[in-house]
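J.: Any chance you can model this:
(chains A and B)
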Amino acid sequence: MNDVRSMNRRRFMTLTGSTLAMLGGGQAFAQQPQGRLRIDPTEFRPIPIAISNFVPGSPADGDVGNGVTQVITNNLKRSGLFAPIDQAAFIERISNIDVAPQFENWKTLNAQALVTGRMTRQPDGRLKAEFRLWDVVTGQQLAGQQYFTSPEYWRRIAHIISDQIYEKLTGEKGYFDSRVVFVDESGPKERRVKRLAMMDQDGANVRYLTRGSDLVLTPRFSPNSQEITYMEFGQGDPKVYLFNIETGQREIVGNFPGMTFAPRFSPDGQRVIMSLQQGGNSNLFVMDLRSRSTTRLTDTPAIDTSPSYSPDGTRICFESDRGGRSQIYVMGAGGGAAQRISFSKDDTNASYSTPVWSPRGDYIAFTRQGGGQFSIGVMKPDGSGERLLTSGFHNEGPTFSPNGRVLMFFRDPGGNGGPSLYSVDISGRNELKVPTPGFASDPAWSPLLSSTAGQ
Amino acid sequence: MKVNVDKTLVASIALHVLVLGWGLVTFSSRAFVAPEESLPVDIISSDQLAKMMAGQKTGKKEEPKPKVEKIAEAKPEEDAVGKVTEKKELIKTNSTPEPPPKPVEKPVEKKPEPPKPVAEAKPKEEPKPQEKKPDPAKEDPIAELQKKLETKKSPPKPVEQKVAAVQPQQQPKPKERSFDPAQIQRDLDKRAATRHELTGSALNASAALGSATGTAANNVATWRGAFQGAVKRCFTPTYNGQDADQYEADIDIPMKIDGSLASEPVVVAVRGPSRSIAQAVAESAKRAIVQCQVYSFMPKQQYESWKLIPMTFGLKDML
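T.: You can find the predicted model right below:
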């Protein structure tokens, strides 16, 4: 009896144990989903690309060929999406761009793409630029174009070629053929001279648009013409001006009794939205540039400013202190109820300002002030997905590249120094200083020049 | 009796209750949660496990031999037949020293080849056999060997080798038992080739339960992960928009057994809000697949399972 019982017990224990083991082990053999293997990149890596020197069509074209190569290399490198391979490593020297390169020579460099090109001065004095973009891995030509231009615009040709390469390899529009208008600052800190200046997005071809006798702030590009709107402290109240880059003409926008500031164009370029000071408050107004009619958009006992249209023109984001501290709100383009989208996620009780809607529509960039730091960040138009890209003593005034991929802003290190321009990818990677002749602030990125009426 | 039984039972129950009760009180739920680091785990199916062990659940215990999936290469067999048989027979019987007839036949057919060894081999083969005679000669034939060597019957031997390979069905075998020092020399030189490899000299058709330590390399989960990792190294998409996770490219990859691509990867479908970006993702994926080959680590015996690898490239974690 005893034996039988103990046996039973033992068997029971064994059974229980094995059952438990089965239960526990069963999960390890759960069905693996059959079908497609899936790959998602976990880390970002730039595309390795080889840019060979542009072949001179005649011996005199060597310099311009090298220049174009350098500009393209610099553009692609600064974008952070490409890793141009050092020319010293090249095995093959491209001397004729009309024959296919030996792809094996470029595969060994791990290049995914190869750029070849030729610059030729035409008998009529114009410059002919040809380029080919090769997929080294598959041996296919991805792009091949030729352009004619007058020789002084060779840099622009280089930018246009850069955009072509960028677009072919990333699927996104490029932004290299664009300009940046900014406030150039010179002189001692207490008597700073602030001039309106304009340059290519890579810092070349700086031009000064104003003489510096009057203080200028917040310049903004028109989306489709060679015009800039900005605020200038002249005699009397600060006013919003319209400035034509080509003709140098300028005019005051509207005829308002008080101070007008923080102007910005609508996406169609037909209207300018801005703040108008009324007593201790300010409200948003929009003015139609053709009919000169103005419409009030907000009417609050608070400071509403820094308006920016969504790319489709149906909504406006702006900053307002109606809730106590400065925060970002979104409302319809015709005015009406506004919804607050910025909320400090930590206990720094941060304030948010200078919202800018991305030309791509997916993000709103802002300046965040909290915890003794100024940060540049982006959030979705509904306020979610907030991401700070850079933080420090003073960062302010973000502006989007034409394709919405890069932000430019200005940073002031404090002390006796002055502000400088920086750019950063909206992922927060690839922060770079933008070369300027002196101190610089308040950058505003132009749309892609090839999409506007310019030149 | 019964009382005794009850006592032990009572004692057992009491002890159990005591131990379990003590355990309940002492082990708080927190104590059970040991701080463990997470481990990467491949989830595999029972099917894959069986494959790993090279066995089948339907197998019988009496047949412990794992199923062999691959037949070893044929080369060693060819050599082995001749050598192994000769070796064994050599030891057993050394008589009938009458090899001459065959050489006479064969050289006629294949004159170009044999002559060379005949001419050159004589001087070379003489010293070696003499040195190595002792090993096989342990049994008895030392004396005979020496005699035969002196009489120089080495010329026919290279020919014999061919005879064995070409015409083993005829009568040569019994005659080959004859004592050939050159043959011994060859045996000694190429001993490795005569070893029977344990893996797969023949297919074992009957299903077995398999061994506990299987051919884990056969596991599909392993090559899938390795392949994913290899392609990922070259995959450099650039798009990082908010809607990046909506972009996907389905690509079929035709493979050759050596791990290279049989042809260009085929883009089956692309998805995403922007066609140009989706296309760029697909192109980037294609470049990655081509650039990162050859995938030589792919298990050849499982070629059927990766002849065509369907993949999806996405931008889920892009930032």
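
J.: only C-alpha atoms for contact and neighbour calcs from this point on.
T.: Noted.

J.: Residues of the stretch 1-150 of chain B that sit close to chain A?
T.: Contact residues (C-alpha under 8 Å from any C-alpha of the partner chain) of the stretch 1-150 of chain B with chain A: B:5, B:43, B:44, B:45, B:46.

J.: show me the contacts for residue A:167.
T.: Residue A:167 sits next to A:173, A:174 when contact means C-alpha atoms under 8 Å, 6 or more residues apart in numbering or on different chains.

J.: quick one: pLDDT of it?
T.: pLDDT recorded at residue A:167 is 92.

J.: now residue B:226
T.: 85.

J.: what about the one helix or strand it maps to, near chain A?
T.: In the assignment (DSSP states H and E), residue B:226 maps to helix B:220-232. Yes - with C-alpha under 8 Å from any C-alpha as the measure, helix B:220-232 is seen reaching chain A through B:224, B:228, B:232.

J.: Counting by contacts, list what that helix packs against.
T.: Counting contacts by 3 or more C-alpha pairs under 8 Å, 6 or more residues apart in numbering or on different chains; DSSP states H and E, helix B:220-232 is packed against strand A:37-39, helix B:275-292.

J.: same thing but at 10 Å, please
T.: strand A:37-39, helix B:46-53, helix B:275-292, strand B:308-314 (3 or more C-alpha pairs under 10 Å, 6 or more residues apart in numbering or on different chains; DSSP states H and E).

J.: Helix or strand next in line after it, which one?
T.: Next along the chain from helix B:220-232, counting by DSSP H and E, comes strand B:248-254.

J.: Just give the strands next to that next one in its sheet, each with its orientation.
T.: The pairing partners recorded for strand B:248-254 under DSSP bridges are strand B:266-271 (antiparallel), strand B:308-314 (antiparallel).

J.: Tell me how far the closest residue to chain A within chain B lies from residue B:247.
T.: Proximity of chain B to chain A (C-alpha to the nearest C-alpha) peaks at residue B:277, 4.0 Å away. Computed as C-alpha to C-alpha, to the nearest Å, the residue B:277 to residue B:247 distance reads 8 Å.

J.: Tell me which of these two has more neighbours.
T.: The residue with more neighbours, out of residue B:277 and residue B:247, is residue B:277; 25 against 22, by other C-alpha atoms under 10 Å in any protein chain shown.

J.: per-residue confidence at that one?
T.: 89.

J.: and if you look at residue A:6?
T.: 47.

J.: With residue A:246 instead?
T.: pLDDT, residue A:246: 85.

J.: And residue A:197, by the same measure?
T.: 92.

J.: same thing with residue B:66?
T.: Residue B:66 is given a pLDDT of 57.

J.: quick one on the thing from earlier: what touches both of residue B:277 and residue B:247?
T.: B:239, B:270, B:271 (C-alpha atoms under 10 Å, 6 or more residues apart in numbering or on different chains).

J.: would you turn those residues into JSON lines with distance to residue A:100 and pLDDT?
T.: Formatted as JSON lines, these follow (distance: C-alpha to C-alpha, whole Å; pLDDT from 0 to 100):
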{"residue": "B:239", "distance to residue A:100": "29", "pLDDT": "86"}
{"residue": "B:270", "distance to residue A:100": "29", "pLDDT": "91"}
{"residue": "B:271", "distance to residue A:100": "32", "pLDDT": "90"}
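
J.: could these be laid out in JSON lines, adding neighbour count?
T.: As requested, the shared contacts of residue B:277 and residue B:247 are exported to JSON lines (neighbours: other C-alpha atoms under 10 Å in any protein chain shown):
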{"residue": "B:239", "neighbour count": "23"}
{"residue": "B:270", "neighbour count": "20"}
{"residue": "B:271", "neighbour count": "17"}
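
J.: those helices in the stretch 151-300 of chain A, which residues are they?
T.: A:154-170 (DSSP state H, counting those that start in this stretch).

J.: Would you confirm that residue A:68 contacts residue A:159?
T.: Yes - between residue A:68 and residue A:159 there is a contact under C-alpha atoms under 10 Å: 8.5 Å.

J.: and the residue of the stretch 301-450 of chain A at minimum distance from chain B, what does it touch?
T.: For the stretch 301-450 of chain A, the residue closest to chain B is residue A:427, as judged by C-alpha to the nearest C-alpha, at 5.7 Å. The contact partners of residue A:427, by C-alpha under 10 Å, 6+ apart, come to A:377, A:378, A:387, A:388, A:389, A:405, A:406, A:407, B:240, B:241, B:318, B:319.

J.: So among those residues, which ones count as buried?
T.: Using 16 or more other C-alpha atoms under 10 Å in any protein chain shown as the burial test, the contacts of residue A:427 include A:377, A:378, A:387, A:388, A:389, A:405, A:406, A:407, B:240, B:241, B:318, B:319 as buried.

J.: about what we covered before: number of residues surrounding the closest residue to the residue of chain B closest to chain A other than its chain neighbours?
T.: Spatially, and ignoring its direct neighbours in sequence, residue B:277 is nearest to residue A:171 (4.0 Å; C-alpha to C-alpha, 6 or more residues apart in numbering or on different chains). Counted with other C-alpha under 10 Å, the neighbours of residue A:171 add up to 22.

J.: With residue A:202 instead?
T.: Count around residue A:202 with other C-alpha under 10 Å applied: 19.

J.: what's near enough to touch residue A:352?
T.: Residue A:352 makes contact with A:319-321, A:325-329, A:341-344, A:365-370, A:374-377 under the criterion C-alpha under 10 Å, 6+ apart.

J.: and with 7 Å instead?
T.: A:326, A:327, A:328, A:342, A:366, A:367, A:368, A:369 (C-alpha atoms under 7 Å, 6 or more residues apart in numbering or on different chains).

J.: Now stretch A:98-116: buried residues?
T.: By neighbour count on 16+ other C-alpha under 10 Å, the buried set for stretch A:98-116 is A:101, A:103, A:106, A:107, A:109, A:110, A:111, A:112, A:113, A:114, A:115, A:116.

J.: Cross the buried ones among the contacts of residue A:427 against strands and list the overlap.
T.: A:377, A:378, A:387, A:388, A:389, A:406, A:407 (DSSP state E).

J.: Which residue comes closest to the fourth one once chain neighbours are left out?
T.: Setting aside the residues directly before and after it, residue A:388 is nearest to residue A:377 in space (C-alpha to C-alpha, 6+ apart), at 4.0 Å.

J.: what do you get for the last one?
T.: In this structure, residue A:407 finds its nearest non-sequential neighbour in residue A:400, 4.7 Å apart by C-alpha to C-alpha, 6+ apart.

J.: Is there a neighbour count for the one you found? I'd like the number.
T.: Residues near residue A:400, counting by other C-alpha under 10 Å, number 28.

J.: Okay, it and residue A:315: tell me how far apart.
T.: 17 Å.

J.: Give the full set of residues in contact with the residue in chain A that chain B sits nearest to.
T.: As assessed by C-alpha to the nearest C-alpha, chain B sits closest to residue A:171 within chain A, at 4.0 Å. Shown in contact with residue A:171 (C-alpha under 7 Å, 6+ apart): B:276, B:277, B:279, B:280.

J.: Buried ones from those residues, can you make that a ChimeraX selection?
T.: Selecting only the buried entries of the contacts of residue A:171 in ChimeraX, with 16+ other C-alpha under 10 Å as the criterion:
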select /B:276,277,279,280
